[in-house]
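A.B. asks: what follows is a predicted structure for the sequence shown.
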Amino acid sequence: MLKAVIFDLDGTLLDTIPDIAGALNRALAACGLPTHPVKECEAFVGGGIREAVCRAVPDRSDTGAVDRVLAHYLADYPLHCTEQTAPYPGVETMLASLVERGYLLGVLSNKTEGSTVKIIRTLFPDIPFQCVFGRADGRPLKPDPAAIAPVLESLGLRPREIAYVGDSGTDMRFALAAGLLPVAAPWGYRSKEELITAGAAVLPNNPDSLPALLEGQII
């Protein structure tokens, strides 16, 4: 029986791309590199910020260029991470419905933990998330199944009691590897086809339909 629903952040609960793109483009410009349209930046996220920077810098850029852009981004983004970021339509209602149904809620993101916590506290001040985890030194990132460890410890649950909701193939592969129920968020940055191919077991059409679909789900 499912007891908790854990969410990815970018592209799942929130459209964070405007603020990510802004910080990334400012970092690229500061290093004398070309910038990108906001929409194009959607393809960069999902594997952690270093991977996003690697995708954003010109092909064949050396490691030094990636490091410089990354340093600028990490200094800039936390200051601006809630300026244009907003929940997807229906997300706040979905979260409230899950709480009413008795589910524990949490967040597990590859985004830097400080920014993840700041965003959740700012944009969902009334939602009782039991745990919020992001990228931290010494902690593995998705899709490594070991990334679920702090969530299990915090909630005192077994993997089969948890659904993981995400918008990317990486999220679905992570959920399967970790023994969680993989739930797709097709309203995010990746296609429905990618989510299905990667193993999504539950595919809501929109956030409003997710709570009902989780009722009775057994891994």
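C.D. replies: Here it is on my side, so go on.
A.B. asks: output the longest helix belonging to this protein.
C.D. replies: When the chain is parsed with DSSP state H, its longest helix is helix 63-80.
A.B. asks: distance between that one and the chain's centre?
C.D. replies: Centroid separation between helix 63-80 and its chain, computed with C-alpha atoms, centre = their mean, to the nearest Å, is 19 Å.
A.B. asks: same question for stretch 52-66.
C.D. replies: Relative to the centre of its chain, stretch 52-66 is centred 22 Å away, using C-alpha atoms, centre = their mean.
A.B. asks: same thing with stretch 128-144?
C.D. replies: Distance of stretch 128-144 from its chain centroid, counting by C-alpha atoms, centre = their mean, is 10 Å.
A.B. asks: endpoints of that stretch, how far apart?
C.D. replies: Using C-alpha to C-alpha, to the nearest Å, the end-to-end distance of stretch 128-144 comes to 27 Å.
A.B. asks: buried residues in that stretch?
C.D. replies: Residues 129, 131-135, 141-143 are the ones in stretch 128-144 that count as buried (16 or more other C-beta atoms under 10 Å). Placement of C-beta: from N, CA and C, glycine included.
A.B. asks: ok, of these, which one's closest to Leu213?
C.D. replies: Phe129 (20.7 Å; C-beta to C-beta).
A.B. asks: okay, and the beta partners of the closest one?
C.D. replies: Beta-bridge partners for Phe129, by DSSP bridges, are Leu105.
A.B. asks: now the angle between helix 63-80 and the helix or strand bottoming out on mean pLDDT in the chain, please.
C.D. replies: Ranking every helix and strand in the chain by mean pLDDT, DSSP states H and E puts helix 49-56 at the bottom, with a mean of 91. Put simply, helix 49-56 runs at 120 degrees to helix 63-80, going by axes from the mean of the first three to the mean of the last three C-alpha atoms, to 10 degrees.
A.B. asks: give me the contacts around helix 49-56.
C.D. replies: For helix 49-56, the external contacting residues (C-beta atoms under 8 Å, 6 or more residues apart in numbering) are 20, 24, 27-28, 36, 41, 43-46, 66, 69-70, 73-74, 110-112, 135.
A.B. asks: one more pass at 6 Å, please.
C.D. replies: The contact list for helix 49-56 (C-beta atoms under 6 Å, 6 or more residues apart in numbering) reads 24, 44-45, 66, 69-70.
A.B. asks: name the weakest-confidence residue in those, if you would.
C.D. replies: Among the contacts of helix 49-56, Val45 has the lowest pLDDT, at 83.
A.B. asks: that older thread, elements contacting the longest helix of the chain?
C.D. replies: Contacts defined by 3 or more C-beta pairs under 6 Å, 6 or more residues apart in numbering; DSSP states H and E place helix 63-80 against helix 17-30, helix 49-56.
A.B. asks: what's that helix in contact with?
C.D. replies: Outside of helix 63-80, the residues within contact range by C-beta under 6 Å, 6+ apart are 19, 23-24, 26-28, 30-31, 50, 53-54, 57, 115.
A.B. asks: how is this protein divided into domains?
C.D. replies: Annotated domains of the chain cover 4-15+85-214, 17-80 [automatic domain parsing].
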